[in-house]
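*Asks:* pasting a predicted model and its sequence here:
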Amino acid sequence: MLRLPELNILTPGTLAEALVFLKQDGAIVVAGGTDLYPNLKRRQVNHGTLVSLAGVASLKGISGNSESGLVIGAMTTLTEVVEHPMIAAWYPALARAACLVSTPQLRNAGTLGGNVCLDTRCLYYNQNELWRQGLGYCLKSFGTICQAAPKSPRCFAVSSADTVPVLLALSATLRLTGPDGDREIPIEVFFRRDGIDYLAKKPGEILTAIALPPAGALKMAYLKMRTRNSIDFPVAGVAVALETDAGNKVTRARVVLGALESTPLLLEQATTCMVGNELTSELIDKVADMAGKAAKPIDNTDMSPAYRKQMARVLTRRALQQLIC
């Protein structure tokens, strides 16, 4: 049985108190802990002090309306996201993505903010300490090379958060608070193409909320592929969001691939291709081919890179076809 190391868990009651606690050496934020605690058990990370946000009420809840959009507190559970009537009605792809995260028990504990900040994953990283020690560790965890790409100077661990591609397709905004005050950033600038330094989050900064713009007449979909449909992280996924005018021509569109690289992939070329045109079968095939060409997975998750690349094309086609039914 894998056991947690000895930990000092701090439980602030306010955001200001949490920011103070984070100034301690080696301190790290924990939200639901559904990913961090297993990582600690496997000794993938080494943090002696955890600052739990469970008691910070200001980080919980969903507010807003159809005209202003919704603001979702970072500590809102995935179950609450799934079951909220306004999310189900206006942002069904987000509810779907949250529903596809792991199991009901983990969705009851896991949070939307935690899923947005989810650690990157890799077959060489997500193993117990004995296994990794025998291999010689990896660049992301105490080693000197990326075991998936030994000649590369960077880590290729994969971004596997289900909700992130959808939030990116919806043009969400992230709200953060840190020692330098509050700031808002588009979600697309929050992620970096590096499996280790994968978030553009400043030291001591906390993700406090996710703001969704008004959905309007947006159509959206999210599809994922995983080894076990009942529980696993995605090994390929796609989120699409688009709006059409009275003549059935696309007026805005976003296609995002997930679980293929260290960052979600926003296909800007697909947006350019779709806007101003009718969403026909021919256009769908063209966008699907773009997704297949953009996907460049390597052999560091379940299923082969070639199959995952092909499924990026297939899932994109299926997701877009859903929106013309």
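*Replies:* Arrived safely, thanks for sending. Just so you know, these numbers come straight off a predicted model, no measurement behind them.
*Asks:* just to be sure, Ala291 is in a helix?
*Replies:* Yes. Assessed by DSSP: H, G, I helix; E, B strand; the rest coil, Ala291 belongs to a helix.
*Asks:* Ala312 is in contact with that one, correct?
*Replies:* Yes. The pair Ala291 / Ala312 is scored as a contact, 4.9 Å apart, by C-beta atoms under 8 Å. Bear in mind the C-beta positions are built from the backbone N, C-alpha and C, glycine included.
*Asks:* between these two, what contacts are shared?
*Replies:* Residues touching both Ala291 and Ala312 by C-beta atoms under 8 Å, 6 or more residues apart in numbering: 238, 257.
*Asks:* ranking helices and strands of this structure by mean pLDDT, which lands last?
*Replies:* In the chain, no helix or strand scores lower on mean pLDDT, DSSP states H and E than helix 129-135, which sits at a mean of 94.
*Asks:* where along this protein do the strands fall?
*Replies:* 8-10, 27-30, 49-52, 62-65, 69-73, 173-178, 181-186, 206-212, 219-225, 236-244, 250-258, 265-266 (DSSP state E).
*Asks:* tally of neighbours for the closest residue to Asp302 other than its chain neighbours?
*Replies:* Of all residues not flanking Asp302 in the chain, Thr227 sits nearest, at 4.6 Å (C-beta to C-beta, 6 or more residues apart in numbering). By other C-beta atoms under 10 Å, 12 other residues sit near Thr227.
*Asks:* any idea of the pLDDT on Thr227?
*Replies:* For Thr227, the pLDDT comes out at 96.
*Asks:* contacting residues for it?
*Replies:* 235, 302-303.
*Asks:* circling back: tell me the most buried of the strands of the chain?
*Replies:* strand 236-244 (a mean of 26; mean count of other C-beta atoms under 10 Å).
*Asks:* now the lengthiest helix in the chain and strand 219-225, what's the angle there?
*Replies:* Determined from DSSP state H, the single longest helix within the chain is helix 305-322. Between helix 305-322 and strand 219-225, the angle comes out at 150 degrees (axes from the mean of the first three to the mean of the last three C-alpha atoms, to 10 degrees).
*Asks:* so what's Gly113 closest to, chain neighbours aside?
*Replies:* What sits nearest to Gly113 in space, not counting adjacent residues and going by C-beta to C-beta, 6+ apart, is Ala74, at 2.7 Å.
*Asks:* neighbours of that neighbour, just the number please.
*Replies:* 26.
*Asks:* I'd say it and Leu59 touch.
*Replies:* Yes. Using C-beta under 8 Å, Ala74 is in contact with Leu59, at 5.2 Å.
*Asks:* let me see the backbone angles for Lys140.
*Replies:* phi -80, psi -20 (degrees, to the nearest 10).
*Asks:* wait, what's in contact with the nearest residue to Gly216 once chain neighbours are set aside?
*Replies:* Excluding the flanking residues, the one nearest Gly216 by C-beta to C-beta, 6+ apart is Glu243, at 6.5 Å. By C-beta under 8 Å, 6+ apart, the residues touching Glu243 are 216-219, 250-253.
*Asks:* CSV for the residues you listed, including pLDDT?
*Replies:* Output for these, formatted as CSV (pLDDT from 0 to 100):
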residue, pLDDT
Gly216, 93
Ala217, 93
Leu218, 96
Lys219, 97
Val250, 97
Thr251, 97
Arg252, 96
Ala253, 97
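*Asks:* Leu323 touches Ala239, doesn't it?
*Replies:* No. Between Leu323 and Ala239 there is no contact under C-beta under 8 Å: 11.7 Å.
*Asks:* where do the contact lists of these two overlap?
*Replies:* With C-beta under 8 Å, 6+ apart, Leu323 and Ala239 have common neighbours 220-221.
*Asks:* Ala239 bridge partners, please.
*Replies:* Taking DSSP bridges as the rule, Ala239 bridges to Tyr222, Val256.
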